[in-house]
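Asker: need coordinates for the following:
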Amino acid sequence: MTQLERRNFLSLTALAATAPLLPRAALAALTPATSPDGARRKARPFDLAAVRLRPGAAWDALDTNRRYLMGLDPDRLLHMFRVTAGLPSNAAPLGGWEAPANELRGHFTGHYLSACALLAAQSGDASVRARGIQVATGLARCQEAIGTGYLSAFPLDLFDRLRAGQPAWAPFYTYHKLMAGLFDTATLSGDRRSLATLERMAAWVERWVQPLDDQQMARVLEREYGGMNEVLYNLAAYSGDARWRRVAERFNRERVFAPLAQGRDQLQGLHVNTTIPQIIGAARGYEVAGDPRLHDVADFFWHTVTERRCYCTGGTSNGESWNTPPGILARELSGYTEESCVTYNMQKLTRHLYSWTADPRLGDYYERTFYNGILGVQHPIDGDKLYYLPLAGGYWKLFGTPLEDFWCCTGSMAESFAKLGDSIYFHDERGVYVNLFVPSELDWAERGVRLALDTRFPEEETLTLRVHAAQPTRLALRIRVPHWTAGAEAELNGRPLATVQPGSYLTLERTWRAGDRVALRLPMRLHLAPIPDDPAVQAVMYGPLVLAARLGTAGLTPGNLRAPPTRPRRIPEYTTEAVAVAPLEVRAAEPESWLEPVPGRALEFRTRGQNQDLTLVPLNRIFDERYAVYFRVNQIVT
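Answerer: Numbering: from 1, shown residues only. Here you go, the predicted structure:
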């Protein structure tokens, strides 16, 4: 650890002990142990404040995001809200999707509130908490100036156009981001004023939808509305007021929900990031209202998408849509695959389903998205976020221009990189589930137990869990043994344990004492991830990591390496073409036959016996250069 890294780590550790954060028990209403229908949850996530990251890739990414968030000017974030409310503002307006002419303006400010609240809870950083509350207070003053409960960076005419069936980009989408940000500021940062602001916004929504009949509301729901159902269900659960549940139900999109409830995939043609937040709302509705039909909607959706519509990374979407029937992906590789918002929302949905089942397969999926769809989509230099993660060969990660993008994914990833510890640990009444191998420490204060997870995974295959307990405590410790491992080896206090089957949990239920130590080795191997409808198009993985071939920087200049400032309603566009990637000619199907590790270089491999020498490294390590993930592999018959 460098001196700077150590100083930052010690600083965050000190803040964790002193920051005035909301007690963890205040969040219990958000994830009740028992649904109203009596269905028992198998596992619950720990509150973010119970988990601290330790030095490693995730900690570095969290710190980069902190610098990005704290580098933004609150007055600029609030500028268009003040203009809309008739309040004075001398701040310069932001650019990109936050520009004064953009109909989505204000959405990033909602993400910003969530990101600050999440990061403050995750790290204990009091300055980040204060920044979020500062922005929320500015929004409350704008709402008070308007006087109707309405709060937005754009005037009411967008909602008038929506009601009339006229073009308007997505007013409820932006409204959802603000409501969600205020909810997080209230519940994670303990800001009661944010809760009052949120309730006034919810009351405004209630009045807006009240006169609409079901047919009129269905037309409104054809326009992207984010997770309005989710945030209203959250408010209902937190406040105990069933009024908000009834409003949430108005935002359940029956046209999409009906076939899913019957086990039918009719997703072709749908905008992906419009749809997934609606399904998250269904999952939350099941938890709050106990409706088994909403359970079936979320459950079938997750399975059909992850099993038949995902790439090797765990991500989905091409050009923001599902353009083909399930299982047809070979023609769905482009520079616009895998919108980052989609990965963020699939992770949120996975957390819900995992809590219902504690199925290690959901942990496997979450891990795949964590390493391949999240960690590599924040630029390590300035913290800018990625819109698309291209999976067609020869492209590069097209980051934006800071202060001139503010895409939907800029906001979603600001949240993702604020809560990288949120799915490492889960628990039930008996004990703890360890699902991600990220250096971290869990403080389960209610049980008087702390767990310290030390590892350099995935650079190394080993991890160690140390138990710190004030007194001997009986609990079950369950460590996920991933499906990809070649066979786990485990020790308890230096004593070998029986071999555990991949795709399950190593479960140790005993009385734990201070100093107990579990060591686990998870051998990784090369394996292939072919496109389902064209097995000759293959990606290479090592353990949970997608490997990408480094293709250099030919044709890349400062002028095209990043997207130019984004005009209203435009997405980042490549201004120079991809480069071609030659097929691979192999004599055996196993990747070990044509790939070998590079001596002394962790997680690096090189081809052998090919016309073009390629070096493959984890996709999440590649920045500012071209790469290839999928290859056409021709097997030579001898």
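
Asker: per-residue pLDDT of residue 30, please?
Answerer: Predicted confidence (pLDDT) for residue 30: 36.

Asker: can you check residue 611 too?
Answerer: Looking at residue 611, its pLDDT is 84.

Asker: mind telling me what element residue 60 is part of?
Answerer: Using DSSP states H and E, residue 60 sits in helix 57-70.

Asker: in that helix, what's buried?
Answerer: For helix 57-70, burial by neighbour count (16 or more other CB atoms under 10 Å) applies to 57, 58, 59, 61, 62, 63, 64, 65, 66, 68, 69. (Each C-beta comes from the backbone N, C-alpha and C, glycine too.)

Asker: which strands or helices does it pack on?
Answerer: Here helix 57-70 touches helix 3-18, helix 107-123, helix 126-146, helix 408-416, going by 3 or more CB pairs under 8 Å, 6 or more residues apart in numbering; DSSP states H and E.

Asker: let's see 10 Å
Answerer: Using 3 or more CB pairs under 10 Å, 6 or more residues apart in numbering; DSSP states H and E as the contact criterion, the elements in contact with helix 57-70 are helix 3-18, strand 51-53, helix 107-123, helix 126-146, helix 408-416.

Asker: quick one: which of those is nearest residue 277?
Answerer: Nearest to residue 277 among the helices and strands packed on helix 57-70 is helix 408-416; the distance by CB to CB comes to 10.1 Å.

Asker: neighbouring strands of the helix or strand just after that closest one in the sheet, and parallel or not?
Answerer: Once the chain leaves helix 408-416, the next helix or strand it forms, by DSSP H and E, is strand 425-427. Each strand paired with strand 425-427, and its direction, by DSSP bridges: strand 44-45 (antiparallel), strand 431-434 (antiparallel).

Asker: pLDDT of the last one, averaged?
Answerer: Averaged across strand 431-434, the pLDDT comes to 98.

Asker: contact partners of that strand?
Answerer: When contacts are defined by CB atoms under 10 Å, 6 or more residues apart in numbering, strand 431-434 is touched by residues 42-46, 354, 358, 360, 363, 423-427, 440, 442, 444, 447, 449, 451, 453, 463, 465, 473-480, 505-510, 512, 518, 520.

Asker: now, these that are in strands?
Answerer: Among the contacts of strand 431-434, the members found in strands (DSSP state E) are 44-45, 425-427, 440, 442, 444, 449, 451, 453, 463, 465, 473-480, 505-510, 512, 518, 520.

Asker: all helices for the stretch 201-350 of the chain, in order.
Answerer: 214-220, 228-239, 242-249, 254-261, 272-289, 292-308, 340-357 (DSSP state H, counting those that start in this stretch).

Asker: between the last one and helix 228-239, how big is the angle?
Answerer: The one in question is helix 340-357. 50 degrees (axes from the mean of the first three to the mean of the last three CA atoms, to 10 degrees).

Asker: let the chain start at 40 from now.
Answerer: Yep, numbering from 40; the last one is helix 379-396 now.

Asker: can you point out the buried residues in helix 379-396?
Answerer: Buried-residue list, helix 379-396, by 16+ other CB under 10 Å: 379-395.

Asker: same check, this time on the shortest one
Answerer: In terms of neighbour count (16+ other CB under 10 Å), helix 253-259 has its buried residues at residue 259.

Asker: what of the second one?
Answerer: Buried residues in helix 267-278, counting neighbours by 16+ other CB under 10 Å, are found at 267, 268, 269, 270, 271, 272, 273, 274, 275, 276, 277.

Asker: so the fifth one makes contact with residue 242?
Answerer: No. In this structure, residue 271 sits apart from residue 242 without contact. The criterion is CB atoms under 10 Å, and the distance is 11.2 Å.

Asker: residues shared between the contacts of these two?
Answerer: Listed contacts common to residue 271 and residue 242 are 282, 283, 286; contacts here mean CB under 10 Å, 6+ apart.

Asker: is it true that the first one touches residue 275?
Answerer: So the one you mean is residue 282. Yes. With contact defined as CB under 10 Å, residue 282 counts as touching residue 275 (7.5 Å).

Asker: which neighbours do the two have in common?
Answerer: Common neighbours of residue 282 and residue 275, using CB under 10 Å, 6+ apart, are residue 241.

Asker: and residue 649, helix, strand or coil?
Answerer: Judged by DSSP: H, G, I helix; E, B strand; the rest coil, the three-state class of residue 649 is coil.

Asker: thinking again about what came up before, and which of the buried residues of helix 267-278 is nearest to residue 496?
Answerer: Nearest member of the buried residues of helix 267-278 to residue 496, counting by CB to CB, is residue 269, at 32.2 Å.

Asker: measure the closest residue to that closest one other than its chain neighbours to residue 382 for me?
Answerer: Spatial nearest neighbour of residue 269, chain neighbours left out: residue 320 (4.0 Å); criterion: CB to CB, 6 or more residues apart in numbering. Using CB to CB, to the nearest Å, residue 320 is found at 18 Å from residue 382.

Asker: how far does stretch 175-194 stretch from one end to the other?
Answerer: Start-to-end span of stretch 175-194 (CA to CA, to the nearest Å) is 19 Å.

Asker: give the buried residues for that stretch.
Answerer: 175-179, 181-182, 185, 188-193.

Asker: again with stretch 229-239
Answerer: For stretch 229-239, burial by neighbour count (16+ other CB under 10 Å) applies to 229, 230, 233, 234, 236, 237, 238, 239.

Asker: which residues does the second one contact?
Answerer: Contact partners of residue 230, counting by CB under 10 Å, 6+ apart, are 61, 152, 156, 168, 171-172, 175-176, 179, 221, 223-224, 236.
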